[in-house]
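Student: Using only what follows, build the 3D model:
(chains A and B)
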Amino acid sequence: MPEQKIPEYNFKKIEKKWKDKWETDKLYQPDLDKAEKPFHNLMMFPYPSAEGLHIGGVYTFTGVDTYGRYKKMQGFDIFEPIGLDGFGIHSENYAMKIGEHIKTVSERTEKNFYRQLSSIGNMYDWSRTVETYKPEYYKWTQWLFLQLFKRGLAYQKKAKVNWCPWCKTVLSDEQVIQGKCERCESQVEKKELKQWFFKITDYAEKLLKNLEWIDWSEDVKINQRNWIGKSEGARVKFEISIKKQETRNKKQTNSKYQISNVVIVHGSNSTKEGSENKESGPENLRHWKLWLNNKLKEKGIKVSNEIYPKDWAPKYSDWKKIFDKIDINEDSILIGHSAGGAFLVRWLNETKTKIKKLILVSPGKSGKQSREVLSSFYGGKIIKNIDLYVKNKIVIFTSNDDIPKHIQGAEEYKKELPAKVINLKNHGHFTIQDMKTEEFPELLSEILEEKKENQIEVFTTRPDTLFGATYMVLAPEHKLIEKMKDEIKNWEEVQKYIDTAKGKSEQERKEEEKEKTGVEIKGIKAINPVNQAEIPIWVADYVLSGYGTGAIMAVPAHDERDFEFAKKFGIEIKCVVEPIGGPIIFEGQNSGIAYDEFIKDLKEGKICSSMIGKSINSEFLDGLKTEKAKQKMIKWLEEKKLGEKSIDYKLRDWCVSRQRYWGPPIPIIHCEKCGAVPVPEKDLPVELPDMIDFLPEGKGKGPLAKNVEFVNTVCPVCGKPAKRETDVSDPFVDSSWYFLRYSSTEFDNEAINKDRAKKWLPVDSYIGGKEHTVLHLLYSRFITMVLNDLGFIDFEEPYKKFFGHGLITKDGAKMSKSKGNVINPDEMIEKYGVDAVRLYLRFLGDFSQGGDWRDDGAAGMARFMKKLWQTFFDLEGAGEGVEKTQMIDKTIKAIGEDLEKLSFNTAIARYMEFINWIRENSANFNLGQTQKIKRTMALVLAPMAPHIAEEFWTKLKNDKSIFLEKWPAYNEENLEDDQFELVIQINGKVRNKITVSIGVEEDEIKKIAQESEKIKKHLKGQTIKKMIYIKGKLINIVI
RNA sequence: GCCGAAGUGGUGAAAUUGGUAUACACGCUGGUCUUAGGAACCAGUGCCUUCGUGGCGUAAGGGUUCGAGUCCCUUCUUCGGCACCA
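Tutor: The predicted structure follows:
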């Protein structure tokens, strides 16, 4: 062998050289406006911890990059952005711990993170980073908040929230893990606080529906489906009968009506004050209202707003001021006349307040002037969707003259909303005459009807089992209990139970081994609407106040929890569904008992079963299969107005307020007069003030409340002194839209540039941790849908593809500082080089499964790199040439396919086989073969180990980067050998293998197989029953 | 309890989707070369075996099939998520 000088594999020098070169050449900064084949290759941006980049981060990011580089070599214009998700409690707590200010910690962390991220060989476009904690970013996070606020999708309500006593802030349901804080593992408490929410529940159906078509893996979809938790069923009303003779105290106020409050809103007056116009003059303006008010008072019902706007023609803001002061809730009935109706429609749309019923009395008028007045309430727009908030409970009194043009025509009402429309005899735009006609009592009865009796509404997914409801259960928090206080005979016992139940923390409830507890409420009974049976009412904490209606009808024969409860307290168990399908279905469910015995036990109330089947003991449902029985029952209930079809979701609204410092201040100003007013967009960002003392106080208010200069401001509407909101928003809000920003970072006048969005969004490939499947992924889908509805973007789903990768462990355990098993990526890169680390991480195992870091594995990969280097430079091409070079084509094909499906470990295995093959034949290749092999060695390795590949590429005398080169093509015809190894099986067992030419016919193969020596032996004295031949692979002889 | 993913050599893991189980590595054993090697190279490496072949092997048991790691049923184990959701 001639002394050939092989250069040393100095990975440090090589990696540094290419990193610098790529940067100066701006190789990874696509022209966002001109790119022809845009491909947005996104990875979840990291939460920068002060400890630095985790090896798990390197694992993910380089995996994503490998895919991106492969795509780049396929000719796509790759946009691979990076940023930092730096706002949030995590960093804040860390700063507190080390006694430094969060701001300085963040600055340092950012520098360190970006240094590390630039050292892992990724194609980041460093000209477009996004940091959630920079004002130029959170300005738009605040803008986003305002868009939701204006749409009524951000609202404030007093709510029981999860409170972490250690972090001193509110947590969303998703952040509470088994009753503990996700971050610090403290016991979470329930606190009643006024909080900001995003109305994600409005999008529950769409979030669910789109899962049918988006191209994500099924496990992620299932997770989201479960989280949204849709269940279909019915709401059913149970009347309460009061045992009058047992009532302790006579109620002073009326006990006849359960109604909480009625709010009346009158219309505007288009004529001048003092006018003689009888219909709309000041005399009449409030006339009907006062009349109605008095009528209601006679019945003992209080009208909430006795104060009216002073103006004769109140505007939206005039009414709103009054509405901000009165309590409107799910028991409220709102009545609006004319512009008053218009006001209510808009107000409901904006605040999303749930009410009991909306009554519109002559909501519109056909005069031009009136139309103008009315449409001014909406800025001329037509408003739909009020049914969302007053489902099925809109009643409209209208005459032909009162076509409500500002909303929809009367006919449209019927179509669009499930509203009941009652036509008035034409007496003008609802006048004094109307009050004397037959319709007016009807109006009264619409108000009074609902309060004839007390009712308990329940939600059930099994309306077919209604005949088997033998008792009811109320959650301890159920409002009715307090209301019925005077009727309850054993009030003290009930109260005591409720107090203990409420006092229990979530954890305690769970620790009680699910042993059911409860107290019967004596003195009242419920009437089962289907058979008028009087059934007992219990209060028990196994019924949750937050789901459904907070009350259930208990069917012990067909629900395990109800069964357990009924058994314990000796309540009747009535079987109303007989499972069918016989022993086959039955076998899997309860093994050990015979089917007949099972049915017998079920009917005797010894066991319970939630299986479907056919209805029994259920009068008009008897004999029907469950699905049909459900439908028939719902129809029956709806006809009798005892219930209705209903859909419930587990998904709750997203609580976005946080009582901490390190987040974007919520851009709202609270004004005594004008209420919660959005900060005008031109005033954004509301900058997070520098505060030396940023520690939370823990009294339910954020640290910003301590900063007087920040808090005190003026109301943008009326100019009077007002106070700023002091909560900041949840970091999940920051990350719910960051990917929309990357391609628009240079625009400081808009969050998302339309042209850019058109080109680069939705994201083509999104890769990140599976732990974010319900939180971040759901939130960002929601925000995308909202922005789509608002017209800022034109797609509903943010990510075309999502791939969830696995985690890196050390010795099978999660890495953590306390365990002392943390792998420092800097050290590894220093020791083995970036390429070796990248390759090793890819080789560990399946990308979706994660893997276990082993130092000797990494060392092994470093050894392979050396070998690879040696092999490359050893190849001289002085041989005569090898006959078969299929290996080259096979390798190109296999690696390409593997990379496309992110199967990196097998891609590397293929590459190693390729190298092994080269080494075995290295002396024999001729010059042309050597050229081709060397090119292939570099090209197919490039996505995984970019630096060494680029180095090989220059050594092959190329002056352009390898990443501007196309992924090599392979010759389809060259994949097949001209021979193959035929496997000969007898009865499925391998008995022999012989080499056969590819072109041999089936008959010939069969003959050859039988004639081979070993097979002959086995076939001796046997008859062949059958022969199965799989082309090009094997033959199975059955004897 | 429910939902999801998985269970293959001493270890990390492959297996063209029903067609030769253990590719590719790590580790280990033996050898070559070395003053030495934790370097490099060569050979071996699922278990049993009468060393001929053969038999057994993909958590356990059963089934479908000419043929099962792969499909179906039951059981067990591990990991992740949810947890009285009516």
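
Student: Residue of the stretch 301-450 of chain A closest to RNA strand B, please.
Tutor: Of all residues in the stretch 301-450 of chain A, A:E330 sits closest to RNA strand B, at 15.9 Å by Cβ to the nearest atom of the strand. Every residue, glycine included, has its C-beta placed from N, CA and C.

Student: State the number of residues packed around that residue.
Tutor: Look at A:E330: counted by other Cβ atoms under 10 Å, it has 10 neighbours.

Student: and it, what does it touch?
Tutor: A:354-356 (Cβ atoms under 8 Å, 6 or more residues apart in numbering).

Student: next one: A:L688
Tutor: The contact partners of A:L688, by Cβ under 8 Å, 6+ apart, come to A:135, A:138, A:661-665, A:728.

Student: 10 Å - rerun?
Tutor: Residues in contact with A:L688, defined by Cβ atoms under 10 Å, 6 or more residues apart in numbering, are A:87, A:102-103, A:133, A:135, A:138, A:661-665, A:694, A:704, A:707, A:710, A:728.

Student: what secondary structure does it sit in?
Tutor: State at A:L688, reduced to three classes by DSSP: H, G, I helix; E, B strand; the rest coil: coil.

Student: From A:K525, how far off is it?
Tutor: Between A:L688 and A:K525 the distance is 58 Å, computed by Cβ to Cβ, to the nearest Å.

Student: and if you look at A:K758?
Tutor: For A:K758, the distance to A:K525 equals 64 Å [Cβ to Cβ].

Student: more crowded one of those two?
Tutor: The neighbour comparison of A:K758 against A:K525 (other Cβ under 10 Å) goes to A:K525, with 20 against 13.

Student: so who does that one touch?
Tutor: For A:K525, the contact set (Cβ under 10 Å, 6+ apart) comprises A:238-243, A:471-472, A:533-537.

Student: same question, A:G928
Tutor: Neighbours of A:G928 in contact, by Cβ under 10 Å, 6+ apart: A:877, A:881, A:885.

Student: and the contacts of A:L688, which of them are in strands?
Tutor: A:V728 (DSSP state E).

Student: which of the contacts of A:L688 tops the neighbour count?
Tutor: When neighbours are counted as other Cβ under 10 Å, the busiest of those turns out to be A:F87, with 32 neighbours.

Student: Would you confirm that it contacts A:P135?
Tutor: No. A:F87 lies out of contact with A:P135 (Cβ atoms under 10 Å); the separation is 11.7 Å.

Student: How much space separates A:H670 from RNA strand B?
Tutor: Using Cβ to the nearest atom of the strand, to the nearest Å, A:H670 is found at 32 Å from RNA strand B.

Student: ok, that residue - how many residues close by?
Tutor: With neighbours defined by other Cβ under 10 Å, the count for A:H670 comes to 17.

Student: Thought A:P716 was touching it, still the case?
Tutor: No. Using Cβ under 10 Å as the test, A:H670 is too far from A:P716 to be in contact (11.6 Å).

Student: confidence score at A:R838?
Tutor: If you check A:R838, the pLDDT there is 95.

Student: same check, this time on the one 4 residues further on
Tutor: Note on A:R842: pLDDT of 94.

Student: Regarding it, which helix or strand does it belong to?
Tutor: Following DSSP states H and E, one finds A:R842 within helix A:834-843.

Student: Quick check: chain neighbours aside, which residue is closest to the residue nearest the centre of chain A?
Tutor: By Cα atoms, centre = their mean, chain A has its centre lying nearest to A:L778, at 2.1 Å. Ranked by Cβ to Cβ, 6 or more residues apart in numbering and with sequence neighbours excluded, the top spatial neighbour of A:L778 is A:Q224, at 6.0 Å.

Student: Count the residues that sit near the one you found.
Tutor: Neighbours of A:Q224 using other Cβ under 10 Å come to 21.

Student: same question, the one 10 residues further on
Tutor: Taking other Cβ under 10 Å as the neighbour definition, A:A234 ends up with a count of 24.

Student: residues of the helix or strand containing it that come out buried?
Tutor: Per DSSP H and E, A:A234 falls inside strand A:231-242. Buried residues in strand A:231-242, counted by 16 or more other Cβ atoms under 10 Å: A:233-240, A:242.

Student: what's the answer for stretch A:554-568, then?
Tutor: Within stretch A:554-568, the residues that count as buried by 16+ other Cβ under 10 Å are A:554-559, A:561-566.

Student: for that stretch, the distance to its chain's centre please.
Tutor: Its chain's C-alpha centre and that of stretch A:554-568 lie 33 Å apart, by Cα atoms, centre = their mean, to the nearest Å.

Student: now do stretch A:979-993
Tutor: Centroid separation between stretch A:979-993 and its chain, computed with Cα atoms, centre = their mean, is 53 Å.

Student: Then stretch A:34-43?
Tutor: For stretch A:34-43, the separation from the chain centroid amounts to 26 Å (computed by Cα atoms, centre = their mean).

Student: And stretch A:955-968, by the same measure?
Tutor: Taking mean C-alpha positions (Cα atoms, centre = their mean), stretch A:955-968 and its chain are 43 Å apart.

Student: Identify each buried residue in it, please.
Tutor: By neighbour count with 16+ other Cβ under 10 Å, stretch A:955-968 contains the buried residues A:961-963, A:965, A:967-968.
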